[in-house]
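# the sequence and its predicted three-dimensional model are supplied below.
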Amino acid sequence: MSPSAPWTFTGREEERELVRRSSAAGRPGIVVTGPAGCGRTRLAAEAVRGTDCVRVAGTPGTRGTAFAAFAHLLPEGVTLHRAVQLLSGVRLLLVDDAHLLDDSSAALVHQLAVQGRTRLLVLVTDGAPAPGAVTRLRTGELLPRLALEPLPREETATLLAEAAGVPLEPLTLNRLHHLSGGDLRLLRDLLEALREQDLLARSPDGEGRWRGRLPLTPALRERAAPVLTRACPGERETLDRLAFAEPLPVRVDDLDLHVLERLESDGLVHADDDTAVRLAHPLHGPVLRAAAGRLRARRLSATRGPLGPALEAEAAGLTRRIARLDVRTTPTPVGEWLVAEGEPVPPPYAAVRARFARLRGELRDAAAWAGEGLAGAPDHDECRRQLALSALQSGEESGPGAPSGSGTPHGSGVPYGSGTPHGSGVSYGCGTPHGPGVPDGPGVPSGPDGAHGGGVLCPGVPSGPDVACGAGASGPGVPSGPDVPRGAGAACPGVLSGSGARHGPDTPHRPDTGRGRRLTSPAGDPYAAYDAVRLGAPERALPLLPAGGVLARHADALARSDGPALDEVARELEERGFLLFAAEAYAQAVRAHRDPSAARTARTRAVALARRCQGARTPALSGLVLGELTARQRQIVTLAAAGLSNRQIAERLTLSVRTVGNHLYSAYTRLGASDRRALPWLVEPERRQPA
């Protein structure tokens, strides 16, 4: 796509339909609000395409001119009363940038809304000062209101891949998404700057990769004008100090408080708490650093504190959140800064980031962080394991740089689990079966010999009630044996062994030291036992999960086939940041619900969450919806998901086009889909390339 070509309209289909319905005959219209650059104007243009729509727009320099926005529609010197009369015949009026209207134009729009003869589509930027009449419209009292959120990361990835002509690797995508702050116009400026200066390199996987400096183009200079054009030397010095201190904040006591107050009132800085202050917009720091001269940059760079302690604090914080079963998004500026600047990422930190991302269901992010760690230490066991696990949970046999030998997943394994994948042909090195570890259950894959779970192998370790997983766990300086947690070299699958012992790369491994006594889950790290719940075998995991916790309640609800309870668990898992776990719980609820309407709702939520998990393919998600259809519907839906038109499907199956359409309509109703664009995510015919 050429830089000047408009980007494809993506990710706002539901909002577009809502705006269309609100602007149809017999409706009053709608007010669309949202942050700057969120795509309000493009959304409105798509919604009114093909209609007889009259357009007006507010502009910054005309607030002192009466009816300036309506100058092309109204005669000079018109009164408000006369203006309302003249425009009463307009059926649909689009008012863009309504917050910039002059008072007379704003009053006219408000009176048209009160009159109710003209359908209004009013676009307003959140947080911008607006005339009182527009503010009243924004409250939703006269017109319904649609509040747009910034475009989600998944849709941003689709846009950027098409605009750049190549998919972007996850950390580059994250960086662009962060710098733009959800502003699609700024996102476009950033991408064009990278292309203009040829800074978007190709990774070995063929993805676009950006590390290092921000190109300072005229468009980006204009975007950063609020900080680049500060006339007061003290203010510019303060802004530069904050920029060169990044990714760390600066203590308020080290800066001029009066200067900070002025900058804060202009929205350029914000205080994290009572003692630390940062730049408010993520773009401003890179722009200020790029604009500084060499000597100034050298002086200011010397004032930044060491990053090591802050990086260790970030890793420790993520580890604590994992232990608390809370992986919601949390700021990690130091790690992002290292990647953005092209600095080496310490492997232990990269492994924690990879694990955190994987537990969130962000599988491509997890693989990217593991790859950052392996770039500096190709033999780092935990990074290699996280890379392999991410690849397997994405349906791949192995990922780039995946290790081989002891401690490494291989084969055509069915990915699942917070620990290690299991399934047909998955071998972990020595060929020793690990007992009847995982009982039969929905979604449990069978091995070549037809056994369920028993084909899962553990490296060089015989299975038994008193045997520690020592051989696979030990490494240089890592002891093994009965009460020793598994070290960095541990590579035992997260499966329940026949003895009742549990172990996995996310869990310290201990044997059952007393015969006949069940091993309890170590506090704060129940993920390996939870794998059995995700496989559909909750009875095995229940004794090992912390009583009363969300994972135990998931196991209990699944054991009782309690659909509403599974929905509740899924909601809590989503709140805690476990998007993949929540998607799986909703998928299990689909099969448990007796009410078809509740099942359809659970399916829709499962699909929506699975879509955010970057290509995850796990047993709980497999066959999520096709089992709800008739044989003929499954056949037609699979072909439609593969991209065939109704006529092509009809010719292939020797049916009429009308029959194909009727089957698809019935399938949409059962699947909770609006049209065929949702089908690839619903039926997962072949593994798609993640966005």
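Yes, it's here.
# what pLDDT does the closest residue to Val56 other than its chain neighbours get?
Excluding the flanking residues, the one nearest Val56 by CB to CB, 6 or more residues apart in numbering is Ala69, at 4.4 Å. To be clear about C-beta, it is placed using only N, CA and C from the backbone, and glycine gets the same treatment. Per-residue confidence at Ala69 stands at 93 (pLDDT).
# any idea how far Leu542 is from Ala69?
Noted for Ala69: a distance of 65 Å to Leu542, by CB to CB, to the nearest Å.
# so for these two, which sits in the more crowded spot?
In this view Ala69 and Leu542 are compared by other CB atoms under 10 Å, and Ala69 has more residues nearby, 26 against 18.
# ok, then the element right after the strand or helix carrying Pro564?
Pro564 belongs to helix 563-575 when assigned by DSSP states H and E. Once the chain leaves helix 563-575, the next helix or strand it forms, by DSSP H and E, is helix 579-592.
# so that following helix versus helix 563-575, what angle?
Compare the direction of helix 579-592 with that of helix 563-575 by axes from the mean of the first three to the mean of the last three CA atoms, to 10 degrees and you get 170 degrees.
# tell me the gap between helix 579-592 and the middle of its chain.
18 Å (CA atoms, centre = their mean, to the nearest Å).
# with stretch 231-250 instead?
Counting by CA atoms, centre = their mean, stretch 231-250 comes out at 31 Å from the chain centroid.
# which parts of that stretch are buried?
235-250 (16 or more other CB atoms under 10 Å).
# tell me the contacts of Pro150?
Shown in contact with Pro150 (CB atoms under 8 Å, 6 or more residues apart in numbering): 34-35, 38, 181-183.
# which one of the residues you listed is nearest to Ala113?
Among the contacts of Pro150, Gly34 lies closest to Ala113 (CB to CB), at 19.4 Å.
# that closest one reaches Arg42, doesn't it?
No. Contact between Gly34 and Arg42 fails when scored by CB atoms under 8 Å: they sit 11.5 Å apart.
# ok, back up a step: need the contacts of Pro150 in CSV with distance to Ala641 and secondary structure, can you?
Converted to CSV, the contacts of Pro150 look like this (distance: CB to CB, whole Å; DSSP: H, G, I helix; E, B strand; the rest coil):
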residue, distance to Ala641, secondary structure
Gly34, 32, strand
Pro35, 34, coil
Cys38, 30, coil
Gly181, 35, coil
Gly182, 30, coil
Asp183, 34, coil
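# of the residues you listed, which pair is most distant in space?
Between all members of the contacts of Pro150, the farthest pair (by CB to CB) comes out as Gly34 and Gly181, at 12.5 Å.
# follow-up on the earlier one: of Gly34 and Arg42, who's got more company?
Ranked by neighbour count (other CB under 10 Å), Gly34 and Arg42 place Gly34 first, with 20 against 15.
# list the contacts of the nearest residue to that one once chain neighbours are set aside.
Counting by CB to CB, 6+ apart, Gly34 lies nearest to Leu148, which is 3.3 Å off, once chain neighbours are set aside. Counting by CB under 8 Å, 6+ apart, Leu148 makes contact with 12, 15, 32-35, 38-40, 43.
# repeat for Pro28
Applying CB under 8 Å, 6+ apart, the residues near Pro28 are 22, 113, 116, 119-120, 142-144.
# repeat that with 7 Å
116, 119, 143 (CB atoms under 7 Å, 6 or more residues apart in numbering).
# so Arg632 makes contact with Asn662?
No. The pair Arg632 and Asn662 fails to qualify as a contact (CB atoms under 7 Å) at a distance of 10.5 Å.
# so which of the contacts of Pro150 wins on neighbours?
Counting by other CB under 10 Å, top hit in those: Cys38 with 23 neighbours.
# could you report the pLDDT at the closest residue in space to that residue that isn't next to it in sequence?
What sits nearest to Cys38 in space, not counting adjacent residues and going by CB to CB, 6+ apart, is Leu148, at 4.9 Å. For Leu148, the model assigns a pLDDT of 90.
# domain ranges for the protein?
Annotated domains of the chain cover 13-147, 153-217, 224-301, 306-400, 626-683 [automatic domain parsing].
# for Leu580, find the nearest of the ones you listed.
domain 306-400 (3.1 Å).
# next one: that closest one to chain centre, how far?
With CA atoms, centre = their mean, you get 16 Å for domain 306-400.
# ChimeraX command to pick out the buried ones of the contacts of Pro28?
Applying 16+ other CB under 10 Å to these, the buried members can be selected in ChimeraX as follows:
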select :119,143
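# turn the contacts of Pro150 into TSV, columns for distance to Glu572.
As requested, the contacts of Pro150 are exported to TSV (distance: CB to CB, whole Å):
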residue	distance to Glu572
Gly34	29
Pro35	29
Cys38	29
Gly181	30
Gly182	27
Asp183	33
